[in-house]
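# Here is the input, now give the coordinates:
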Amino acid sequence: MIAKGAATAKGERKAILQPFVPLLANWAGRGELKVLRQLETAARPVALAGKTLYCGFYLNELIMRLLKRHDPLPGLFSLYAQTLVQLANGQDPENILRYFELGLLQALGYAPLLDREAPGGQLIEQRKLYWYLVEAGPGSTRSGHLPAVHGETLLALSTGQTLDGQQKHEALRLMRYILQFYLGDKPLKSRELFG
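As a prediction, this is how the structure comes out:
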């Protein structure tokens, strides 16, 4: 979309066309490229800084890479907005990111199986170790190339519980593995910022 006049120093649009500012916009155009007509803020900007700013960029990049253009996913915007507010309020970024990733996958129709084994459908046991296969789920057959994750981590993720030290580590590896399957080989630029 083209925002005419936004690049000028005195442009009113330049001040509000910033990351993490909720906007109401009106645009026109027949082809792929649209022209911004009207623009106003819908709410206060979300103030992110330091690590949380990188987290915000990560959310944006995941959305841009995983969504198809013009996909109507109305629930995703509220999840995104809620996640930004949680980050700005100083809540634990690792927990926030894991649950955003799960919500994003669910919105796209790729919700991972977390509470039952695949195949067989047996309930996940807290103390048992599982190996996770994308598009199938957790299984008890040991495999060196699949991420290993304890049942308590899978169950915590499935019920939205706050993750502790080991669970955070396992959830991070699991979600990176699952997301990589859908993202493909091109690395995420926002992960480089964390380095």
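# tell me the SS of the most centrally placed residue in the chain?
Computing the C-alpha centroid of the chain and ranking residues by Cα atoms, centre = their mean puts E101 first, at 3.8 Å. Under DSSP: H, G, I helix; E, B strand; the rest coil, E101 falls in the helix class.
# Just confirm it contacts L179, I think it does.
Yes. With contact defined as Cβ atoms under 8 Å, E101 counts as touching L179 (6.3 Å). C-beta coordinates here come from the backbone N, C-alpha and C atoms, glycine included.
# between the two, what contacts are shared?
L62 (Cβ atoms under 8 Å, 6 or more residues apart in numbering).
# Toward the C-terminus from the strand or helix carrying V149, list the very next helix or strand.
Following DSSP states H and E, one finds V149 within strand 148-150. Sequence-wise, the next helix or strand downstream of strand 148-150 (DSSP H and E) is helix 151-159.
# what packs against that following helix?
strand 129-133, helix 165-183 (3 or more Cβ pairs under 8 Å, 6 or more residues apart in numbering; DSSP states H and E).
# Verify the contact between R65 and L188 for me.
Yes. Counting by Cβ under 8 Å, R65 does reach L188; the two are 7.4 Å apart.
# Enumerate every residue touching A136.
Contacts of A136 (Cβ under 8 Å, 6+ apart): 113, 118-119.
# Tell me how far F100 lies from P138.
Distance of F100 to P138, computed by Cβ to Cβ, to the nearest Å: 21 Å.
# meant to ask about A3
For A3, the distance to P138 - Cβ to Cβ - is 46 Å.
# ditto for E94
With distances taken as Cβ to Cβ, E94 is found 21 Å from P138.
# the more surrounded of these two?
P138 (26 against 15; other Cβ atoms under 10 Å).
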